[in-house]
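Trainee: Just to be clear, the model below is a prediction. Sequence and coordinates:
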Amino acid sequence: MLEKVEDFNMERVMEEFERVTKDAERIQRETLKRILEDNASVEYLLNLGLNGRTDPESFKAFVPLVTHKDLEPYINRILDGDTSSVLTGKPITAMSLSSGTTQGKPKFVPWNEELFDTTVQIYHTSFAFRNRFSISSLVYPFPQ
């Protein structure tokens, strides 16, 4: 699950981030295609008429920008125990509550293992870049 602190390699994390952001457009297209392939048969996308398409143009044409309120009926079904592919092709493993800062009411947010792994990767990358200079000052706090 989480890497041990001693196994965390800031340089490797930063190098990987630099590698994938050099061609961000290609990476974004590949990521969207993979997400659409993984979720081609979910009810939400089928209801929008995407019908298994995995290209960015179809995604833009059929999938509108939505708010949490638009997804609430699907989220409520998951909360009520529906384990079918309502919003994602991968099983929902947890629900978290938002902070409630939007419209003053906390909202349920579905999670799966992939979202968890992606969130951990984001934290690792953020930590690595925020601390790339400050860590060296912790290791060598006094001038040599």
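Mentor: Now that the structure is in, tell me what you want to look at.

Trainee: Could I get the full set of helices for the chain?
Mentor: Along the chain, counting by DSSP state H, helices occupy 10-21, 24-38, 43-47, 56-62, 68-79, 113-131, 134-139.

Trainee: Using TSV, lay out these together with mean pLDDT.
Mentor: Below are those laid out as TSV (pLDDT from 0 to 100):
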stretch	mean pLDDT
helix 10-21	90
helix 24-38	92
helix 43-47	95
helix 56-62	94
helix 68-79	95
helix 113-131	89
helix 134-139	55
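
Trainee: what about the ones you listed, which gets the closest to residue 95?
Mentor: helix 68-79 (6.5 Å; C-beta to C-beta). Just so you know, the C-beta spots here come from the backbone N, C-alpha and C atoms, and that holds for glycine as well.

Trainee: residue closest to the middle of this structure?
Mentor: Residue closest to the average C-alpha location in the chain (C-alpha atoms, centre = their mean): residue 115, at 4.6 Å.

Trainee: Could you check how far that residue is from residue 59?
Mentor: 19 Å (C-beta to C-beta, to the nearest Å).

Trainee: got the phi/psi numbers for the spatially closest residue to residue 85 that is not a sequence neighbour?
Mentor: Using C-beta to C-beta, 6 or more residues apart in numbering and skipping the chain neighbours, the partner closest in space to residue 85 is residue 42 (4.6 Å). For residue 42, the backbone dihedrals (degrees, to the nearest 10) come out as phi -70, psi 150.

Trainee: still on that earlier bit, ok, which of the helices of the chain comes nearest residue 101?
Mentor: So among these, helix 68-79 is nearest, using C-beta to C-beta, at 12.2 Å.

Trainee: what's the neighbour count on the closest residue in space to residue 17 that isn't next to it in sequence?
Mentor: Using C-beta to C-beta, 6+ apart and skipping the chain neighbours, the partner closest in space to residue 17 is residue 125 (5.1 Å). If you count neighbours by other C-beta atoms under 10 Å, residue 125 ends up with 16.

Trainee: Lovely, talk soon.
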